[in-house]
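Chemist: Please work out how this folds:
(2 chains)
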Amino acid sequence: MSRLQGNLALLILVALAPPVGAQTGGELRFCLHGEPKTFNPVLVDDEASENIRYLTGGVLIRLNRQSQALESALATSWTISHDRRTITFRLRKGVRFSDGTPFRSEDVAYTMRLLMDPETHSPTGDAFRSGEGTVQVEAPALDVAVITFPAPIAGLERLFDQVAILSSHSPKKEMAVLGPFLIADYKAGSYVLLEKNPNYWKHDAQGRALPYIDRVHLDIQRNRDIELLRFRRGELQLINRLEAEQFDRLQHENPAVTRNAGTGLDAEELWFNQSPAAPLPEHKKAWFRTKEFRKAISMAINRADLCRIVYAGYAKPAYGPVSPSNHFWFNAALEEEKYDPQGALRLLRQAGFRSASDTLQDRAGNRVEFTLVTNSGNAAREKMASMIQEDLSQVGIKVNVVTLDFPSLIERVTRTFDYEACILGLVNTDLDPNSQMTVWLSSGENHQWNPGQAAPATPWEAEIDKLMREQAAAPTEKERKAKFDRVQQIVAEQQPFIYLINKDVLVAVSSNVVGAAPVVLNPPGFWNVETLRLGPAPELGVQK
Amino acid sequence: MSSRSKLRGVCSAILCFIFAVGLFAGAVSPYSYAKQFRERPNAAPSASHWLGTDSLGRDLFARLAYGTRVSLLLAPAAALLSTLIAGVFGGLAGLLGGWCQRLILAAADLSMALPLLFVLLALRALLPLDISPVVSVMATFALLGLLGWPSSLRVVWAATKNLRNSDFLLLARATGCGRWRMIVRHVLPNLRPVLLAQFCISIPLFVLTEATLSMLGLGVMEPLPSWGNLLRGLEDLSAIGANPWRLSPLVLLALVVICFQLILPSQEETA
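Modeler: The predicted structure follows:
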């Protein structure tokens, strides 16, 4: 009995104790997949620099990568005017930059002015450009900042997740930071070393200063195979994004270190060239503009096979422009496109096509044949193209697959329009549909099937234009959602983009990293870096 | 029969066999090279798939047989074209010397100075996208043949220059031997080992260049197989570990090159 009581007491002690072996300090090591082009957060335009901005920059509002909700950060609260042009921030008091200079509203004003200065050419600032006129920034009190934009901006507060506040007074300029880490050392082509910001404002529930980790060592390594090799050797503790094949291999070797965060936001899609300027035969242009033709192609593609074979099962079939991982904006009412080659044939016959000795012909007797281009070196897209080629041969369509180097492909897709169909992926950097304006507006440069239209070529494109503009100006998120749901519905009906798959976000985390909880939003592996700890060696018991 | 002759016989038989497999690929392989067995991707060798399947479930033996047809017929054709160009112009430069030599060598230097990949990219931009895989293959190897001559030309030129200053040509000239007779009876037989060596070196080089070109969209297009795009499958080391038979195109390539080398007459034999 006394032994039982002793064991019970020990269990209670263990339960109340902090995570076993988890400790503060230490160095977290992982890779950047390219050279950071800048350390100035205002000029960030590449993934490596964005990762450093995330680790070092302090923002007014932070998007919680797990809950996808906005949280207060350097701003304790904010209000948006009814016309959605003005946002007022109440700032956190007593916060200091890494060099000791105090954080005040004039720093917010300085950052916003710099961001919106056309001379700065800030990609982050571009998201705030809502209309003609200048942005007014006021600092009526040390802890209040008021920003007024010339026109309403939908999802305005969300954009501040990307704005790292700079110090207006520090002689260190952008090297004075408000984020959890500061840049301590950098060797071009080799590494970036970040050290804990001693003045970071955040504390955990027990009042301990965050982050727990002392240093983050970012090795610059483009080669994914070498990165994986180093991870296996224990030289790295995290791989932020793994290819499906790498993940599958690692899963077989050591399942404890692999984490599938779920379906990602990015999609791979196929589209037909509908540009009137395309140097294509008129009969092919007519096929590509036919809704039934596009719909039939979509029905004849076996997406489940694409996921299973090309992505080793680490992908989900995609049916619309928004991934189900985008909790708020995804239109759950959209119907899944079923793999149905016979249905596709029926639809094609209804549209005037006919089968003749295993081949499909149009009304004029032209054999249905097109060239599908994608970028060379992307094994997954090349495989998908081969599988689509096989799938469409089942309905009598001949597909020639051509891979081109990326610059040549982009030249054809965006300038000469000398292509018939293309497979590429669109990267979704933001959850909000406003970031996709250039894709959906008929005048947009990324309206890939027929970009830069002077006036919408079809009634459904005109409707999308109208809905996208209306959602951007709608006063409530609910109204915006209703309008963007309709946009998704139109896209699913018309299939200007035939969505193929949504890749899973695959991460590798060493067993001694405690607290890692990969998510689908960027950066998936270290979004909660400030609360990560380096725990015990795996053989002593893993804490997750 | 000497051991050298026996070896040549064996090598010839191996080459004939490989050529025959390529030529009659349709008869020897049980499946089409494009047929995807999607339930069996990356399968190990079995009675139904002798060399297993690739990542899309396509029969590796069928792809190897058809790939042999493409590579073994077209790579030697391209090698022959480039060796002929190198032989004619290298020989002319070496024999005639003077402005002709300077002009030809300058052209060769210019060709070598041009980055081949960029030249090919420019040519790709000129070609229409909707060409069939067969035309694409022909165009690829024709381009290789037309662009692959400069390095061989330098070797041929150096060999011909040595011949021009040789005693036996001096003697031939002194005895009143005509220019064409000198070329046909004395120069060409002496250049034969050099030309044959250049020809044999070019074959694997063109097979590998074709693989690189496939990545640029200029090589053999899917689903048509070639040794080049089959060799690209070796990039995936884990797949090789799971099915070492994936190395078969590499083994076949090495075997063909070795056989060609052993069949060729040695320098002593040609002397």
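Chemist: Now do the contacts for A:Glu50.
Modeler: When contacts are counted by Cβ atoms under 8 Å, 6 or more residues apart in numbering or on different chains, A:Glu50 touches A:44, A:522. Glycine gets a C-beta too; all of them are placed from N, C-alpha and C.
Chemist: if you set the cut-off to 7 Å instead, what comes out?
Modeler: Residues counted as contacts of A:Glu50 (Cβ atoms under 7 Å, 6 or more residues apart in numbering or on different chains) are A:Val44.
Chemist: Tell me where the model's unsure across the chain.
Modeler: Using chain A. For chain A, the stretches with pLDDT under 70 are A:1-23, A:130, A:536-544.
Chemist: Oops, wrong one, chain B.
Modeler: B:1, B:121, B:124-125, B:211, B:214-218, B:237-238, B:265-271.
Chemist: Quick check: which element contains the residue sitting nearest the centre point of it?
Modeler: By Cα atoms, centre = their mean, the mean C-alpha position of chain B lies nearest to B:Ile203, the distance being 1.8 Å. Using DSSP states H and E, B:Ile203 sits in helix B:188-215.
Chemist: for that helix, packing partners?
Modeler: On a contact count with 3 or more Cβ pairs under 7 Å, 6 or more residues apart in numbering or on different chains; DSSP states H and E, helix B:188-215 meets helix B:60-96, helix B:133-147, helix B:150-164, helix B:227-232, helix B:248-263, helix B:267-270.
Chemist: The longest one: what's the following helix or strand?
Modeler: Under the assignment DSSP H and E, the closest C-terminal helix or strand after helix B:60-96 is helix B:98-113.
Chemist: what angle separates that next one from helix B:133-147?
Modeler: Using axes from the mean of the first three to the mean of the last three Cα atoms, to 10 degrees, the inter-axis angle of helix B:98-113 relative to helix B:133-147 is 130 degrees.
Chemist: And the contacts of helix B:98-113?
Modeler: The contact list for helix B:98-113 (Cβ under 7 Å, 6+ apart) reads B:89, B:92-93, B:150-151, B:153-154, B:157.
Chemist: who wins for most neighbours among these?
Modeler: B:Leu153 (29 neighbours; other Cβ atoms under 10 Å in any protein chain shown).
Chemist: That one contacts B:Gly90, correct?
Modeler: Yes. The pair B:Leu153 / B:Gly90 is scored as a contact, 4.2 Å apart, by Cβ atoms under 7 Å.
Chemist: picking that back up, report the inter-axis angle for the helix holding B:Ile203 versus helix B:133-147.
Modeler: Going by the same axes, to 10 degrees, helix B:188-215 makes 130 degrees with helix B:133-147.
Chemist: Taking helix B:248-263 as reference, get the angle to helix B:188-215.
Modeler: If you take the same axes, to 10 degrees, helix B:188-215 sits at 170 degrees to helix B:248-263.
Chemist: For chain B, what's the nearest residue on the stretch 51-200 of chain A?
Modeler: Residue nearest to chain B within the stretch 51-200 of chain A: A:Gly189 (23.6 Å; Cβ to the nearest Cβ).
Chemist: Identify the residue nearest that residue in space, chain neighbours excluded?
Modeler: A:Ile220 (6.0 Å; Cβ to Cβ, 6 or more residues apart in numbering or on different chains).
Chemist: Just give me the neighbour total for the one you found.
Modeler: Counted with other Cβ under 10 Å, A:Ile220 comes out at 18.
Chemist: same check, this time on the one 4 residues further on
Modeler: Neighbour count of A:Arg224, defined by other Cβ under 10 Å: 16.
Chemist: cool, A:Leu334 as well?
Modeler: 18.
Chemist: show me the contacts for it.
Modeler: Contacts of A:Leu334 (Cβ under 7 Å, 6+ apart): A:319-320, A:488-489, A:492.
Chemist: From A:Pro324, how far off is it?
Modeler: Counting by Cβ to Cβ, to the nearest Å, the separation of A:Leu334 from A:Pro324 is 10 Å.
Chemist: A:Val137 now?
Modeler: For A:Val137 relative to A:Pro324 (Cβ to Cβ), the value is 38 Å.
Chemist: Export only the CA atoms of the strand ranked longest in chain A, formatted as CSV.
Modeler: For chain A, the longest strand by residue count, based on DSSP state E, is strand A:258-272. Presented in CSV, the C-alpha positions along strand A:258-272 are these (Å, rounded to 0.1, in the frame of the first residue of the first chain):
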residue,chain,number,x,y,z
THR,A,258,8.0,13.0,-40.0
ARG,A,259,5.0,15.3,-39.6
ASN,A,260,2.2,15.7,-42.2
ALA,A,261,0.7,19.1,-41.4
GLY,A,262,-2.2,18.4,-43.8
THR,A,263,-3.4,19.6,-47.2
GLY,A,264,-1.6,22.8,-48.1
LEU,A,265,-2.9,26.0,-49.8
ASP,A,266,-1.0,25.6,-53.0
ALA,A,267,-2.6,23.8,-56.0
GLU,A,268,-1.3,22.4,-59.2
GLU,A,269,-3.6,23.2,-62.2
LEU,A,270,-4.0,22.7,-65.9
TRP,A,271,-5.4,25.4,-68.2
PHE,A,272,-6.0,25.9,-71.9
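Chemist: Return the set of buried residues in it.
Modeler: For strand A:258-272, burial by neighbour count (16 or more other Cβ atoms under 10 Å in any protein chain shown) applies to A:258-272.
Chemist: ok, so of the contacts of helix B:98-113, who is nearest chain A?
Modeler: Closest approach between these and chain A, by Cβ to the nearest Cβ: B:Pro150, at 23.6 Å.
Chemist: so who does the closest one touch?
Modeler: Taking Cβ under 7 Å, 6+ apart, we find B:Pro150 in contact with B:108, B:111-112.
Chemist: hang on, the earlier thing: just how off-centre is the longest strand of chain A within its chain?
Modeler: Relative to its chain's centre, strand A:258-272 lies at 10 Å (Cα atoms, centre = their mean, to the nearest Å).
Chemist: and if you look at stretch A:451-466?
Modeler: Centre-to-centre, stretch A:451-466 and its host chain are 26 Å apart (Cα atoms, centre = their mean).
Chemist: How about exporting that stretch as CSV, limited to the C-alpha atoms?
Modeler: Output of stretch A:451-466 as CSV, limited to C-alpha atoms (Å, rounded to 0.1, in the frame of the first residue of the first chain):
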residue,chain,number,x,y,z
PRO,A,451,-4.7,37.7,-69.4
GLY,A,452,-4.9,41.4,-69.6
GLN,A,453,-8.3,41.7,-71.2
ALA,A,454,-9.5,45.3,-72.0
ALA,A,455,-13.1,44.1,-71.3
PRO,A,456,-14.2,40.7,-70.0
ALA,A,457,-14.4,38.3,-72.9
THR,A,458,-17.3,36.2,-71.5
PRO,A,459,-20.3,37.0,-69.3
TRP,A,460,-19.0,34.7,-66.5
GLU,A,461,-15.6,36.5,-66.4
ALA,A,462,-17.6,39.8,-66.2
GLU,A,463,-19.5,38.3,-63.2
ILE,A,464,-16.3,37.3,-61.5
ASP,A,465,-14.9,40.8,-62.1
LYS,A,466,-18.0,42.3,-60.5
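Chemist: Relative to chain A, how far out is the closest residue in space to B:Ser202 that isn't next to it in sequence?
Modeler: Spatial nearest neighbour of B:Ser202, excluding adjacent residues (Cβ to Cβ, 6+ apart): B:Ala79 at 3.7 Å. B:Ala79 is 25 Å from chain A, where distance means Cβ to the nearest Cβ, to the nearest Å.
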